[in-house]
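**Q** I would like the atomic coordinates for the input below:
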Amino acid sequence: MSADVAVSLAVLVGVVALSDVIRRPLCGLLAGTSMRAYAAELVSTFQLCCCTHELQLLSEVGVVPAGVSLTLTYLAAVTHGLTFRGATGNPIGTLAHAYRARISGVSALLRIACQFAAARAARAAVQVIWGRGLSGLHARHALSGFRCASAIRAPLHAAACVELACAFAVQTAVTHARGLRDRYRVHATAAVITSVVCAGGSVTGAVFNPALAFSTLFGCTGSSTAEYCVVYWVGPLLARFCHSSCRNGVLCADLRQSVSSVTIGRHEEEVRHQQHVTGRAQTTRRRQLYVTFFPPVDCNLKKVMAISGHFIRYKSCQKAVQNYSAGVPKLCPLRATD
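**A** Modelled structure (predicted):
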């Protein structure tokens, strides 16, 4: 590993550590107040933009291979997900929270203002770090006046569509990974971000974050500010609109299916109840008819059995008399006492 890469990795670790040292006590001090969210957005967006500046410098100059650059992107995404403490660092994510009524419109605008302020501060901070000349890469970049080139390498409409697709993929992944545990959700989201950067990085840089684009790309030569706004602001906004529309459509379909299931269930329950009532009525009617044609006899069981016994003995004696008359005497089972 070259000295330039080692210095860049040290800068990344230092930025993350410094941001976390500032964020933890600041969020703890402002806990329970609305200022905590603004402080978290400031520090987290600053961390995100500084790390992206350093990674972009490494990848553009070509000091590291593409595979190593993607690995660093994945590790940076995991680190951001574990340290942001509820902050989004993305105006599109903040607008999504406002759309779902999780935060108010005023709060969303204040958070977006904090994100863009942190993005501008991060750009100034990395220029100060690069101006120190900690590595040959930093010194050469400082001598060039921190010059950067546009990442748009396609027609305007195609570039906007690429950013739209990248933002839509990431927002969908974040939505579906929300129910996972934090340790799984962070890695799943980081994997999707890395895949999107690999797919669209050669066309637009795959930024899909207006504040991050404002910090890293606005002012670079090769494209105008209006083109940057169309690609990196309008594209993610349209992705947010498409994602919300699709999600609402799915929710409406699920709601209709649930209502239909409840209606069908109630109808089936009513039919079963009606069949049960009809069956009971038919059973009652059969009992009434049986009682009408076969009325019950109120008698003693012992008397019935005694009468049956006498009848049986009588029939036996009668048969014995008939046999005696025929010349074959038989013993009569009926005693004299009977």
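
**Q** what residues are up against Cys161?
**A** Gly235 (C-beta atoms under 8 Å, 6 or more residues apart in numbering). Just so you know, the C-beta spots here come from the backbone N, C-alpha and C atoms, and that holds for glycine as well.

**Q** So for it, what pLDDT did the model give?
**A** Looking at Cys161, its pLDDT reads 93.

**Q** Show the subsequent helix or strand relative to the helix or strand hosting it.
**A** Per DSSP states H and E, Cys161 falls inside helix 156-176. Next helix or strand after helix 156-176 toward the C-terminus (DSSP H and E): helix 182-200.

**Q** contacts for that following helix?
**A** For helix 182-200, contacts defined as C-beta under 8 Å, 6+ apart pick out 70, 73-74, 77-78, 81-82, 162-163, 165-166, 169-170, 173-174, 177-178, 180, 206, 208.

**Q** Tell me what angle that helix forms with helix 156-176.
**A** Relative orientation of helix 182-200 and helix 156-176, computed by axes from the mean of the first three to the mean of the last three C-alpha atoms, to 10 degrees: 170 degrees.

**Q** now for the helix or strand following helix 182-200, which elements pack on it?
**A** Note on helix 182-200: by DSSP H and E, the next helix or strand toward the C-terminus is helix 210-216. Under the contact definition 3 or more C-beta pairs under 8 Å, 6 or more residues apart in numbering; DSSP states H and E, helix 210-216 sits against helix 35-61, helix 91-99, helix 105-131.

**Q** ok, now with 10 Å
**A** helix 35-61, helix 91-99, helix 105-131, helix 156-176, helix 225-229, helix 235-293 (3 or more C-beta pairs under 10 Å, 6 or more residues apart in numbering; DSSP states H and E).

**Q** ok, of the contacts of helix 182-200, which come out buried?
**A** Neighbour-count burial (16 or more other C-beta atoms under 10 Å) applied to the contacts of helix 182-200 gives 70, 73-74, 77-78, 81, 162-163, 165-166, 169-170, 173-174, 177, 206, 208.

**Q** OK, contacts around Glu60?
**A** Going by C-beta atoms under 10 Å, 6 or more residues apart in numbering, Glu60 touches 69, 141, 148-149, 151, 205.

**Q** Just give me the closest of the residues you listed to Gly219.
**A** Set against Gly219, the nearest of the contacts of Glu60 by C-beta to C-beta is Cys148 (7.6 Å).

**Q** got a pLDDT number for the closest one?
**A** The model's pLDDT for Cys148 equals 87.

**Q** now do Ala108
**A** 91.

**Q** From Ala37, how far off is it?
**A** For Ala108, the distance to Ala37 equals 10 Å [C-beta to C-beta, to the nearest Å].

**Q** any shared contact partners between the two?
**A** 94, 97.

**Q** Show me which of those two is the more surrounded one.
**A** For Ala108 versus Ala37, the count of surrounding residues by other C-beta atoms under 10 Å is larger for Ala37: 22 against 18.

**Q** For the nearest residue to the more buried one once chain neighbours are set aside, the count of nearby residues, please.
**A** Among residues not flanking Ala37 along the chain, Arg111 sits closest, at 6.5 Å (C-beta to C-beta, 6 or more residues apart in numbering). By other C-beta under 10 Å, 25 other residues sit near Arg111.

**Q** swap in the one 4 residues further on?
**A** Close neighbours of Gln115, defined as other C-beta under 10 Å, add up to 31.

**Q** list the contacts for it?
**A** Gln115 touches 38, 41-42, 44-46, 48-49, 87-91, 93-94, 209-212, 214-215, counting by C-beta under 10 Å, 6+ apart.

**Q** before we move on, what about Trp233?
**A** By C-beta under 10 Å, 6+ apart, the neighbours of Trp233 are 91-92, 160, 163, 209-211, 213-214, 218.
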